[in-house]
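**Student:** Predicted model, plus sequence, below.
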Amino acid sequence: MAEEKWVVMVTAQTPTNIAVIKYWGKRDEVRILPINDSISVTLDPNHLCTLTTVAVSPSFDRDRMWLNGKEISLSGSRYQNCLREIRIRGNAVEDKEKGIKIEKKDWEKMHLHIASHNNFPTAAGLASSAAGFACLVFSLAKLMNVDEDASQLSAIARQGSGSACRSLFGGFVKWNMGNKEDGSDSVAVQLADDKHWDDLVIIVAVVSSREKEMSSTSGMCESVETSLLLQHRVKEVVPLRVLQMEEAIKNQDFTSFTKLTCADSNQFHAVCMDTSPPIFYMNDTSHRIISLVEKWNRSVGTPEIAYTFDAGPNAVLIAKNRKVAVELLQGLLYCFPLKADTDMKSYVLGDISIVKDAGLEGELPQGIKDKIGSQDQKGEVSYFICSRPGRGPVVLQDQTQALLHPQTGLPK
Ligand SMILES: Nc1ncnc2c1ncn2[C@@H]1O[C@H](COP(=O)(O)OP(=O)(O)OP(=O)(O)O)[C@@H](O)[C@H]1O
Ligand SMILES: C[C@@](O)(CCOP(=O)(O)OP(=O)(O)O)CC(=O)O
């Protein structure tokens, strides 16, 4: 086999996700088993996604990975656990035309090349680890002809990063915490697909942050050790909230969805403050965005915008429909105006058709001014991304999109 020179590759695209009922705290740090169920919305991969090409060849002498063009080490336990679990499940692959035959037992000893690219900033609080590990596991499963469904694959992605298990599905996704010690029942399931509630528009405000934040992994570990509020949350709050959120999603009940989403984000950040020493993920700009949305919803009477923040200052705003999203973007650009040295193309990314609808010339209509209230504090937003609920992982058939060279298996 060492003489052979063929390379077999698969390229896949996987979305990121934002939790509306947060995962915060593990009962098993190695297997990555959570202390509560969580629920997320998958974001449209056209706006935020990971692209990963995986390749196998008898000519590769070791496993190698390139992330955003730079070689990185695969020696960390999270990568190793994912690679081991997926290799165990590999099946025979045969391409008679090209004379390629890989037996089930070969996967153990054959080496892999992996190249991955995030179309958004890595490790900037935009859940790159979620899209990244989900894409790694999904593309390897396709390459190795693994015969498992998306939920079973989610249990492997979970071992790369907990939130990654939810990126194996599009639409609305629940991660069941499970209760088995081996974690086999700690899997993600789809609650509804991306077409189910496609009125929703998601606007991410990427907020400038000067300080280096504490990672989710360490932050949640400290909360488990020190926060009494987290214990109360897990026992008394989340179980009921998860049921209510499932109902809200099923019935497209935006009022209930918003109340639950905002309350859960706020409680998660309260848990962070209840941690010793306290953890502050949000900053003044995040707080300013919360008060803008709260004022807006109060002035309208029934909620039109939900907000949620992960372990960082970036705001994820979910608008009830496109009309609200257009007005919201107008309000946001009024409060966080474009700086002289930037242009709109680099200030609003993603589905920019919303910018066109917003017609940003001239005065902000009084109706929107009334909704956002007086906004005289300072704050900084680096840029906005307009998106919507999106689909789950897909294999890309177009070989020109592969990140590895089809003959050498090295980055293009
Ligand atoms: N495309 C990818 N493929 C595989 N692993 C990735 C990929 N992108 C990111 N990762 C892994 O995730 C790590 C970044 O995770 P981290 O939790 O620090 O940031 P994040 O997920 O972008 O932000 P946050 O968790 O705060 O939302 C990277 O160092 C890398 O190990
Ligand atoms: C606040 C969160 O985004 C926390 C995500 O934590 P990670 O999944 O990044 O943590 P690890 O499992 O240690 O990799 C909430 C959520 O996504 O549910």
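**Tutor:** Good, I have the coordinates. Residues are numbered from 1 along each chain as shown. Ligands and ions are numbered 1, 2, ... in the order given.
**Student:** First-to-last residue distance for stretch 264-280?
**Tutor:** The first and last residues of stretch 264-280 sit 16 Å apart, counting by CA to CA, to the nearest Å.
**Student:** Give the buried residues for it.
**Tutor:** For stretch 264-280, the neighbour count (16 or more other CB atoms under 10 Å) marks 264-265, 267-269, 271-272, 274-275, 279 as buried. Heads up, the C-betas are built off the backbone N, CA and C, glycines and all.
**Student:** what's the answer for stretch 91-103, then?
**Tutor:** Neighbour-count burial for stretch 91-103, counted by 16+ other CB under 10 Å, picks out 93, 100, 102.
**Student:** Flag whichever of those scores worst on pLDDT.
**Tutor:** Confidence by pLDDT is poorest for I100 among these, given 93.
**Student:** What is the three-state secondary structure of the nearest residue to it once chain neighbours are set aside?
**Tutor:** Of all residues not flanking I100 in the chain, W6 sits nearest, at 5.3 Å (CB to CB, 6 or more residues apart in numbering). Assigned with DSSP: H, G, I helix; E, B strand; the rest coil, W6 falls in the coil class.
**Student:** circling back: can you tell me which of the buried residues of stretch 264-280 is nearest ligand 2?
**Tutor:** Closest approach to ligand 2 among those (CB to the nearest ligand atom): F268, at 6.5 Å.
**Student:** thinking that closest one is in contact with I21, fair?
**Tutor:** No. Counting by CB atoms under 8 Å, I21 is not a contact partner of F268; they are 9.2 Å apart.
**Student:** now the host helix or strand of T255, how far from the chain's geometric center?
**Tutor:** Using DSSP states H and E, T255 falls within helix 254-273. Centroid separation for helix 254-273 versus its chain: 18 Å, with CA atoms, centre = their mean, to the nearest Å.
**Student:** Show me what secondary structure element comes after it.
**Tutor:** In N-to-C order, the element after helix 254-273 by DSSP H and E is helix 284-300.
**Student:** List the contacts of that following helix.
**Tutor:** With contact meaning CB atoms under 8 Å, 6 or more residues apart in numbering, helix 284-300 is reached by 205, 207-208, 258, 262, 282, 303-307, 309, 313-315, 317, 328, 331-332, 335-336, 370-373, 375, 377-381.
**Student:** Residues of this protein that sit close to ligand 2?
**Tutor:** Counting by CB under 6 Å from any ligand atom, the chain comes close to ligand 2 at 19, 22-24, 32, 38, 129, 161-163, 216-217, 310-311.
**Student:** And those, which is closest to T400?
**Tutor:** S129 (27.4 Å; CB to CB).
**Student:** Check whether D61 sits in a helix, strand or coil.
**Tutor:** Going by three-state DSSP: D61 is coil.
**Student:** does it really touch H111, like I thought?
**Tutor:** Yes. The pair D61 and H111 qualifies as a contact (CB under 8 Å) at a distance of 6.4 Å.
**Student:** Which of these two has more residues huddled nearby?
**Tutor:** For D61 and H111, the more surrounded residue by other CB atoms under 10 Å is H111, and the numbers stand at 15 against 8.
**Student:** what's the closest non-adjacent residue to that one?
**Tutor:** In this structure, H111 finds its nearest non-sequential neighbour in F60, 3.8 Å apart by CB to CB, 6+ apart.
**Student:** Need the phi and psi values for the one you found.
**Tutor:** Phi and psi for F60, reported as degrees, to the nearest 10, are phi -80, psi 140.
**Student:** Quick check: it touching I114?
**Tutor:** No. Applying CB under 8 Å, one finds F60 not in contact with I114, separated by 10.8 Å.
**Student:** Between those two, which is the more surrounded one?
**Tutor:** I114 (24 against 16).
**Student:** got any ranges where the protein has weak pLDDT?
**Tutor:** For the chain, residues meeting the criterion pLDDT under 70 lie at 1-3, 209-212, 360-362, 374-379.
**Student:** tell me the secondary structure for the residue in it positioned nearest to ligand 1?
**Tutor:** In the chain, the residue found nearest to ligand 1 is G132; the distance is 2.3 Å by CB to the nearest ligand atom. State at G132, reduced to three classes by three-state DSSP: helix.
**Student:** So it versus T285, what's the distance?
**Tutor:** 26 Å (CB to CB, to the nearest Å).
**Student:** Verify the contact between W24 and H269 for me.
**Tutor:** No. At 9.9 Å, W24 does not count as touching H269 under the criterion of CB under 8 Å.
**Student:** Go through stretch 170-181 and flag the buried ones.
**Tutor:** Buried residues in stretch 170-181 (16+ other CB under 10 Å): 170-178.
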